[in-house]
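# Fold the stuff below for me.
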Amino acid sequence: GDFNPKMAYRGIGSSLAAQTARQKYGPATDLTRWSLQVEEGRQTWRYLQDGEQHQNRVASRYHLGLDISEDCPDLPQASTATESLRNGIEFFSHLQTADGHWAGDYGGPMFLLPGYAIVMYITKQPIPEPLRLEIIRYLSNLQTDEGGWGIHIESLATVFGTSLNYVVMRLLGVGKDDERLVKARHWLSTRGGCLAIPSWGKFWLAVLNLYSWDGVNSLFPEMVLLPQWFPLHTSRLWCYCRTVYMPMSWIYGMKFQAPVDDLITSLREELLPEAFDKINWAQQRNRVAEEDLYNPHTWLLDMFFTCCNVYEKIAPKWLRQRSLDWIYQVLEKEDEFTKFICIGPVNKMINMLCAWVKEGPQSARFKEHCVRVPDYLWVGRDGAKMNGTNGSQLWDTSFLVQGLIETDMRNEFKHVFRAANDFVDLTQIRVDHPEHARFYRDATKGGWPFSTRDMGWVVADCTGEGLKAALICKKYDLTDTPLSDERLYDAVNLLLNMQNATGGYATCEKTRGWSFFEWFNASEVFGEIMIDYDYVECTSSSIQALCKFREYYPEHRRSEVDTAIDRGASFMQSIQCADGSWEGMWGICFTYGTWFGVDGLVEAGYSYKDDCIRRACEFLVKHQQADGGWGETFLSCVKREYVDHPRSQIVNTAWAVLALLKADYPDRSVIDRGVAVLMQRQEKNGDWPQESICGVFNKNCMISYSNFKNIFPIWALARYTELNKKND
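Next up, the predicted model:
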């Protein structure tokens, strides 16, 4: 209802055309030298020197788009779902890394590399030449036909994406007269240059001294000094919001800016419509281009900023210093709790800059940050990019384990389970962080993260999926080193404690604030970022894990487990949409949410006889496309209503098939047609092609899950073949 038709999303056609033309620029380096290195889940790309050995040769070549036919030859043509499933597992097992997980491209957002490039430039950290060349190639491939860059890889150009990625190209050595940059400048010039960039862009440009801090609304560092009972205290914000705004407010409070040099002087001339000193910066604070504006300011937020901007002129130095000192302490703990990886790439790079400003380039803290920068960099078929976290290792691996267990082929692939179990074992977080409550953190012992143990943040749905994977490997005797009962109990204890009063589950913490916080959402480009909301995905994963645990351990905290499952199921029913669907918040979109809704409720004891399951199935059947598959575009997330994709999508189809099979939907021809699409799209070596982007966060930014195109067709085919055997 609030969708702005003038935004950059005028249809899916442009993004599909951009995908087919993605490889305008071929390799800038010898791709055969790139090696994906893994260690305890950590993923880094290394450009090998003569004599150095590849660690994961097949996976490296695959992700780079190189020929792997020697290792993954064409397989016998599948004529049945069972044969298609076998081919799919056979292929995907070759991509399992040395430490047991599946690595993948988790790029998509186009505002991550700018933080990397700006901080590396300011702190004078060298960017290896092969990496520099591949980043330039990536940005060249992702430049839109209009000449700009979007907020993510499938959006049209925005001022946010274009301004920041123009800066990246220049910082990496591309000349201002290069045709790519001339084109980008022309696009920006018709929109008043970079002045109408959204708030996160204003921040980065101010740091690089291309924007004045007077053009940025006050980030009010003193907010952290409010009493913790105060409704708008920093600690009540969603952790992903809190961990970004705290280092931002520290840099703002310090009014740090890079010293002006020749390149910055030139960039000012290239990006600003008039001389830096002539601009009325205060008038730029609330100016946002129509292509970018997804979440307009409320009148209350504007009033808040008016007060904060007045306060900024009179802020007592002692109070400002006290707030900055406390913020820096919290940043130190975020660094230490995450082994300097941080919760994500945005706060990672700002925290790194804070350490450089406060402690200097020779400090141990800054050097530790530098070591962990490569954890976020991914070299893919289109060049080098920055991932949205340090990977999706645990998430992907747990799903694959669950898919494989639904087929009786599981014993043929015991080696896959063994390695995956070792990774799940390794990745569980075994401790609570010291003084976690003082530094706004919840307990973590027993939980699983989205990516790696070192990253240190548990997530409710990742804990649920990790627990299910661990239980499967233990109870099906697929590993010689199963997790101990005690460690499984730790996970259950954490899940019981993470449930909100609503019965739902949020992401990393229990919900601490209220929905009215969204009136103060100053991002302008993201929706629902202010608090940790309850989600169908997190709730479903958590109660599914508790159901599986109850099945295997019926005595442990039984009444509490029963109550948690019942409350979670009731919550999920309460948020079901009128049309029978659930809105997915982390995948695209209603297909994804409905799969979670159905799987969760069926595990909790519901069936097709229940209205909630029957309506969900009717929703899915209504959206089946003519070819038998399902397909949604990212516009479903942006507009918050189902938007059909012009072509059915493998991943959406697999989610729909999984849900209908779980619900025991009576018309098997609907499911048969969906399975036929999965089989027809499968490639000769057992792989499936990469189609449109399938992940999302905060409504308006899409993100890649490159393993989903393998994991979910495998899971859907496994569930389908086993059900057929039972029926036969």
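# contacts and neighbour counts: CA atoms only from here.
OK.
# Can you tell me the centre-most residue of the protein?
Geometric centre of the chain, nearest residue: residue 388, 4.9 Å, by CA atoms, centre = their mean.
# Give me the distance between that one and residue 230.
Residue 388 sits 32 Å away from residue 230, going by CA to CA, to the nearest Å.
# what residues are up against the closest residue to residue 342 other than its chain neighbours?
Leaving aside its chain neighbours, residue 342 sits nearest to residue 348 (5.2 Å; criterion: CA to CA, 6 or more residues apart in numbering). Shown in contact with residue 348 (CA atoms under 8 Å, 6 or more residues apart in numbering): 340, 341, 342.
# burial of the first one, as a residue count?
Put plainly, it is residue 340. For residue 340, the neighbour count with other CA atoms under 10 Å is 26.
# For residue 202, which residues are in contact?
With contacts defined as CA under 8 Å, 6+ apart, residue 202 is in contact with 211, 215, 216.
# Let's see if you can find the most crowded of those residues.
Highest neighbour count within the contacts of residue 202: residue 211, with 25 neighbours (other CA under 10 Å).
# Burial check on the residue lying closest to that residue once chain neighbours are set aside, number of neighbours?
With sequence-adjacent residues excluded and distances taken as CA to CA, 6+ apart, residue 211 is closest to residue 205, at 5.3 Å. By the measure other CA under 10 Å, the count of residues near residue 205 is 26.
# Compute the distance between residue 205 and residue 531, please.
27 Å.
# ditto for residue 172
Distance, residue 172 to residue 531, using CA to CA: 36 Å.
# Looking at these two, which is more packed in?
Remark: of residue 172 and residue 531, residue 531 carries more neighbours, 25 against 17, as counted by other CA under 10 Å.
# check contacts around the closest residue to the more buried one other than its chain neighbours.
Nearest residue to residue 531 in three dimensions, chain neighbours excluded: residue 238, at 4.1 Å (CA to CA, 6+ apart). For residue 238, the contact set (CA under 8 Å, 6+ apart) comprises 511, 512, 529, 530, 531, 532.
# try it again with 10 Å
By CA atoms under 10 Å, 6 or more residues apart in numbering, the residues touching residue 238 are 506-513, 528-533.
# which among those gets closest to residue 715?
In terms of CA to CA, no member of the contacts of residue 238 lies closer to residue 715 than residue 507, at 24.3 Å.
# The regular element (helix or strand) spanning residue 716 - contacts with which helices or strands?
Using DSSP states H and E, residue 716 maps to helix 708-727. For helix 708-727, the elements it packs on are helix 81-93, helix 393-405, helix 650-662, helix 668-681, judged by 3 or more CA pairs under 10 Å, 6 or more residues apart in numbering; DSSP states H and E.
# for these, which one sits closest to residue 549?
Smallest distance to residue 549 across these (CA to CA): 14.2 Å, for helix 393-405.
# for the closest one, packing partners?
Helix 393-405 packs on helix 81-93, helix 414-427, helix 460-475, helix 708-727, going by 3+ CA pairs under 10 Å, 6+ apart.
# Can you check which of those gets nearest to residue 400?
Per CA to CA, nearest to residue 400 of the helices and strands packed on helix 393-405: helix 708-727, 5.6 Å.
# Now that closest one: buried residues?
Using 16 or more other CA atoms under 10 Å as the test for burial, helix 708-727 gives 708-721, 723.
# Run through the helices of the stretch 401-550 of the chain in chain order.
Along the stretch 401-550 of the chain, counting by DSSP state H, counting those that start in this stretch, helices occupy 414-427, 460-475, 485-498, 536-552.
# okay if I get those as a markdown table plus mean pLDDT and distance to residue 272?
Putting these into a markdown table (pLDDT from 0 to 100; distance: least, CA to CA, whole Å) gives the following:
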| stretch | mean pLDDT | distance to residue 272 |
| --- | --- | --- |
| helix 414-427 | 94 | 47 |
| helix 460-475 | 96 | 44 |
| helix 485-498 | 98 | 48 |
| helix 536-552 | 98 | 43 |
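# Those: which one's closest to residue 187?
Nearest to residue 187, of all the helices of the stretch 401-550 of the chain, is helix 536-552, at 39.2 Å by CA to CA.
# Pull out the buried residues from the helix or strand following the closest one.
Sequence-wise, the next helix or strand downstream of helix 536-552 (DSSP H and E) is helix 558-574. Residues of helix 558-574 classed as buried by neighbour count (16+ other CA under 10 Å): 561, 562, 564, 565, 566, 567, 568, 569, 571, 572, 573.
# Could you do stretch 489-504 as well?
For stretch 489-504, the neighbour count (16+ other CA under 10 Å) marks 489-496, 498-500, 503-504 as buried.
# all helices of the stretch 201-350 of the chain, in order?
Ranges of helices in the stretch 201-350 of the chain, per DSSP H, counting those that start in this stretch, are 239-254, 262-271, 299-314, 317-337, 345-359.
# export those helices to JSON lines and tack on distance to residue 120 and mean pLDDT?
Output for the helices of the stretch 201-350 of the chain, formatted as JSON lines (distance: least, CA to CA, whole Å; pLDDT from 0 to 100):
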{"stretch": "helix 239-254", "distance to residue 120": "16", "mean pLDDT": "98"}
{"stretch": "helix 262-271", "distance to residue 120": "14", "mean pLDDT": "98"}
{"stretch": "helix 299-314", "distance to residue 120": "29", "mean pLDDT": "97"}
{"stretch": "helix 317-337", "distance to residue 120": "18", "mean pLDDT": "98"}
{"stretch": "helix 345-359", "distance to residue 120": "9", "mean pLDDT": "98"}
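# Distance to residue 43 for these - can I get that in TSV?
TSV is the format used below for the helices of the stretch 201-350 of the chain (distance: least, CA to CA, whole Å):
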stretch	distance to residue 43
helix 239-254	22
helix 262-271	33
helix 299-314	40
helix 317-337	19
helix 345-359	14
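# Right, I'll call it a day here.
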